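Q: this one's sequence-less:
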């Protein structure tokens, strides 16, 4: 019975790992056209996602992968970046984190979605060995949809990393094979 | 005839954009386990890839996307990172750049592949409008393979960005539909 | 009537300027005991407060002053800093921003209040001339209390900057003269 | 007798902790109007003050508080900042440091006072426990005035931090209660 | 006669360009043995020397060369670096700056000379064209010695840069040819 | 015989330490004329040279000296810096590294030599004690010339550091004394 109690403690909701980060785009973050460089944004996104993953795991986490990221439009010097991160699904020793990124130009009062992304992290102990993480239980319809899509994104990661045959990626296959 | 000459000037080989970058992993690049943070590496990779894309385009370039990246093993404080970048294919106003990343531990003399990645860049003029780029002509068998794979990776990017229906991604479809 | 409309547009609530910033304490932010240096935190707090002030003013803002800040306990390398900022009162061309700062040690799951602070900012146009800002209308009891205290803190700032005689700081005087 | 000798060694003059720091205002230190951001200056001031406090204490020191700071006028990109710091008074395990800050525009040859400030630091041993510090003996009339004012500023800090009742702050009370 | 007055205004003493810079050695400035990296110190020295040269010239200055620098002993994480800079001689459009660098370990109270160095700078106008600089008039015996040695160091710079034949470097020749 | 084998392992060619580093000139690296500051370049050169020295020594290395460096022409914001480094000669516990630095302006397609330099490094063990390094065997005519010149440059370093009398620097003397 105490085991059951321990297990129920070990189930977390996405909102427990919800993390917001704001950054100001400074000169060194931009190219000679005064646009934010993509790599700088990927760096901030990694920090925001790692904080979110750590909140879920209560462990030090290590970036395992970043999924395909597209940058929709240039972000300018002086803009305020808002990054929202939350865990979408937990696997044995790893979690997937979803990021939503906006850029806000304050004098003009405009705010535009820059991109979405998924980072995955592995939880490790002080000797850097992987270690199990709490389960995630999605609550809202949006959280449930993200939770379910996580399996398909995971297959794509494994296929792209050469660790799974395309033919065995059943969820992915369904996507391309229909009709 | 001068048009032909102009066109032939506008064809470049992958080796003209070949770029090598070495970086030393410093304390601020690492987490509390002294491992390089993934986001810092993505930042360095973006700079190396942007230099490579600029060499091909002779234009300022803007990061358009980064493909799925997996980090194979932890990189330690004090390691030397080597990033090699070269353009694999040019489209109308954009290029795909392939990156190979190694980490070298100098006292122990070990060197390990950390990851491969593809970044894409759009070339822009001084007013930040997109502008055509030179063609790329692959020369070695490896360059030809990368050139041909670029089409499939591009379809995947468009599907993942919601700009193409999976059903229209013919090259991708073939991958999943065989058997 | 259109003036009334314009005026009502020009009144904002504290929640419109609410800003959250998370930062990870990295090696370069710490002293040789691995404690976060106070100046680094004051720097982050200034950026968070400036973003909040900009959201209220829709203008570029310039730091005018920071009130007395006390650091309660050491913050460690690897901790996650959470800074919450919101405007408490608007004056003619300036705003007061309240900051609440927490430090969270993720592996141990502990979170402690680090400090509170007040920064003031002046709104400026592109030629760096001061310019009027929207009014602030507090809504919750806590916001009303912060709004009212802003007058007393302002007197203290003016006295400490030598711009007001202690004797003229009526609100402050009341504080020290009672009984 | 050797105790007396030891004690006399433990008394220092303000000039033994006098510290000068020059910094050049670089692009990343400025906002989009090319003005130095207040938080960056507070960061530099903390480092200069910590060096001064360490010189007095011969110990690692930790920032305990910063008093109200007002920024008089904008400092521009390319200006040279001069920060002068010295200990004004030592308490049991802490010291107060006074800072004077100037900004110099070299091509125009103009130099303007930016602000004054007081930071306090606690001295700690290698286990981060507080530890007694040497006494300070002021020598010049200006040093004596700063030494005496330190008591009043300390009361204000304690009142603002909620650690002293305004009514018990006798030195402060005198300031507001006269006539 | 007003020309004479103008000229006399244009003569400065070394103490007018005297500049002190203190820096704290932080983790990112060190290698994996916690020793300050030489390049980081050369960077700080360049900034201190540039500030000194600017004070003499009242112009933006550009680094033209750095003379041979030897690092005497390792400087540790947490040490305080003190750099003193002053102009030793002015040529037509350039100045030589002498630097003295110390490292201080505060807990142990030890302070050691790290190195001396000479940097030269060219003064430029807003269009980056070289422009004449004020003369320097040395005053103390030490300043006179530095002023006279500047000629010999300049010949060595020209010989090493391939702009002067060793045989024409009369001051240098005397040094090696005696007896 | 095993000794001979061990010795031959301990002889390396210059190409084994060949290192390339590319850096993009960002706003914080430049002065108010948008020119790269000399000190920033000396910092990058130190990192590139240290990586090269470490490759030869398979040890942590510490900067011992940098020879006279002249900067030929201004490098602009947005330029790509290419630094090539290789060991030219090994002494008992130290190596000399030669650096060649170019600046490339990508939109205009121009590339210019910025400067050459020599840095020396001492190899140390984990306790920071000096330790013998592998021999260097030059192979190409250019490598042999660099190898032979290393002796003359070393004498100059020793004379300039006051560790050798000019009269004892036979190789240098020959340079100045001829005819």
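A: Received the coordinates, thanks. Quick caveat, the model's predicted, so the values are computed rather than measured.

Q: and the longest strand belonging to chain A with chain B, contact?
A: Counting by DSSP state E, the longest strand found in chain A is strand A:110-124. Yes. If you take C-beta under 8 Å from any C-beta of the partner chain as the test, strand A:110-124 does meet chain B, through A:119, A:124. Bear in mind the C-beta positions are built from the backbone N, C-alpha and C, glycine included.

Q: what bits of chain A have low per-residue confidence?
A: Counting by pLDDT under 70, chain A shows low-confidence ranges at A:1-9, A:176-179.

Q: Geometrically speaking, which residue is the centre of it?
A: Per C-alpha atoms, centre = their mean, the C-alpha nearest to the average position across chain A is that of residue A:97, at 2.7 Å.

Q: about what we covered before: and the longest strand of chain A, how far from the chain's centre?
A: Here the centre of strand A:110-124 is set off from its chain's centre by 4 Å, with C-alpha atoms, centre = their mean, to the nearest Å.

Q: got the residues of chain A near chain D?
A: Remark: the part of chain A in contact with chain D comprises A:26, A:27, A:28, A:77, A:78, using C-beta under 8 Å from any C-beta.

Q: so is the third one in a helix, a strand, or just coil?
A: Secondary structure of residue A:28, reduced to three states by DSSP: H, G, I helix; E, B strand; the rest coil: helix.

Q: was I right about it contacting residue F:30?
A: No. With contacts counted by C-beta atoms under 8 Å, residue A:28 stays clear of residue F:30, the gap being 10.4 Å.

Q: Could you pull out the residues contacting both of these two?
A: Contact criterion C-beta atoms under 8 Å, 6 or more residues apart in numbering or on different chains; residues bridging residue A:28 and residue F:30 by contacting each: residue D:27.

Q: So those two - more neighbours on which side?
A: residue F:30 (22 against 14; other C-beta atoms under 10 Å in any protein chain shown).

Q: give the contact list for residue A:66.
A: Under the criterion of C-beta under 8 Å, 6+ apart, the contact partners of residue A:66 comprise A:42, A:45, A:46, A:117, A:118, A:119, A:120, B:38, B:42, B:66, B:68, B:69.

Q: Report how many residues lie close to residue A:36.
A: Going by other C-beta under 10 Å, the residues that sit close to residue A:36 add up to 25.

Q: how close does it get to chain B?
A: In this structure, residue A:36 lies at 9 Å from chain B, with C-beta to the nearest C-beta, to the nearest Å as the measure.

Q: ditto for residue A:168
A: 11 Å.

Q: Backbone dihedrals for that residue, both of them.
A: When quoted as degrees, to the nearest 10, the phi and psi of residue A:168 stand at phi -90, psi -10.

Q: same thing with residue A:18?
A: Backbone torsions for residue A:18, taken as degrees, to the nearest 10, come to phi -60, psi 130.

Q: Confirm for me that residue A:73 is in contact with residue A:114.
A: Yes. With contact defined as C-beta under 8 Å, residue A:73 and residue A:114 form a contacting pair (7.2 Å).

Q: Which one of the two is surrounded by more residues?
A: Taking other C-beta under 10 Å, residue A:73 and residue A:114 do not tie; residue A:114 has more neighbours (25 against 12).

Q: which residues does the closest residue to that one other than its chain neighbours contact?
A: On the basis of C-beta to C-beta, 6 or more residues apart in numbering or on different chains, the spatially nearest residue to residue A:114 that is not a chain neighbour turns out to be residue A:101, at 4.4 Å. Listed by C-beta under 8 Å, 6+ apart, the contact set of residue A:101 reads A:41, A:45, A:81, A:82, A:83, A:84, A:113, A:114, A:115, A:116, A:117.

Q: Compare those and tell me which is most surrounded.
A: Neighbour tally across those (other C-beta under 10 Å): the maximum, 28 neighbours, falls on residue A:41.

Q: separation between it and chain D?
A: Using C-beta to the nearest C-beta, we find residue A:41 at a distance of 16 Å from chain D.

Q: what about that residue, helix or strand, and which?
A: Taking DSSP states H and E as the criterion, residue A:41 maps to helix A:38-57.
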